[in-house]
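Colleague: Predicted model and sequence follow; I will ask about them next.
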Amino acid sequence: MAGSMRYRDCSPEVEALASRVIGAAMEVHTCLGPGLLEGLYEDALCVELAAMGLPFQRQVEAVAEYKGVPLRSQRLDVVVNSNIVVELKAVERVQDVHKAQLLSYLRMTNLPLGLLINFNTTHLRDGLSRILNERALSSSSSPSRPSRSTNPS
C-alpha cells in the first residue's frame, strides 16, 4: 500500500476539497492540541466543516459484502461531500492496519480518496495520510492500478 502520491490521480475538485478538509483539521489541532479523545476531535472537525459550508455526514453506515452477500455495516467517521472518507485517530502511532481499514472503507463506498488523520501528534502534518482508491479512480479514467497510500509532505 505504499507508493508516491500523484495529485493528478484525483480530480481537481476532490483535491481542492481535500485541501479544505486538511485545513479544517489543522485548525482543530492548533486549537485543541494532541492528547484528547477521538470523539472530541470529530466533534470539533465537524464544527469547522460546517463553518466552511462543506457538506458532510458523521458516523455513516457502510455495508460490507462477501461474495455478493451483505454483511454487517461499518461506521465511517466522516464523509465529506460524498467524495472523501475521513478516518480520525488519536493514537500514539498510525499502524498499517489503520490504512488498510480506510482502504477497505473506500472500496466499500467506491469513493476516490480517504484521509487518515491522527490528532495525537505534535505537528498534524506528521499525522496525515492520504489513501487512494485506485478502483474508483480507474472506473472513471485509466486502467486499474493497485491502491496505495502516502503521507503528504
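Modeller: Sure thing, it's come through. Residues are numbered from 1 along each chain as shown.
Colleague: Now for residue 99, which secondary structure element holds it?
Modeller: For residue 99, the enclosing helix or strand under DSSP states H and E is helix 96-109.
Colleague: same check, this time on residue 18
Modeller: Assigned by DSSP H and E, residue 18 falls in helix 12-32.
Colleague: And the helix or strand following that helix, what's buried?
Modeller: Helices and strands here follow DSSP H and E; after helix 12-32, the next one along the chain is helix 38-51. Residues 38, 41-42, 44-46, 48-49 are the ones in helix 38-51 that count as buried (16 or more other Cβ atoms under 10 Å). The way it works is simple: take the backbone N, C-alpha and C, and place the C-beta from them, glycine included.
Colleague: now swap in stretch 13-31 and tell me
Modeller: 14, 17-18, 20-22, 24-29.
Colleague: Any chance of TSV for those residues, columns distance to residue 57 and pLDDT?
Modeller: Below are the buried residues of stretch 13-31 laid out as TSV (distance: Cβ to Cβ, whole Å; pLDDT from 0 to 100):
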residue	distance to residue 57	pLDDT
14	17	94
17	14	96
18	17	96
20	16	97
21	13	98
22	18	98
24	15	98
25	17	98
26	22	97
27	20	98
28	18	98
29	22	98
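Colleague: what would those residues look like in JSON lines with distance to residue 89?
Modeller: Formatted as JSON lines, the buried residues of stretch 13-31 follow (distance: Cβ to Cβ, whole Å):
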{"residue": "14", "distance to residue 89": "22"}
{"residue": "17", "distance to residue 89": "20"}
{"residue": "18", "distance to residue 89": "17"}
{"residue": "20", "distance to residue 89": "20"}
{"residue": "21", "distance to residue 89": "15"}
{"residue": "22", "distance to residue 89": "15"}
{"residue": "24", "distance to residue 89": "16"}
{"residue": "25", "distance to residue 89": "11"}
{"residue": "26", "distance to residue 89": "15"}
{"residue": "27", "distance to residue 89": "18"}
{"residue": "28", "distance to residue 89": "13"}
{"residue": "29", "distance to residue 89": "12"}
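Colleague: Brilliant, that's me finished.
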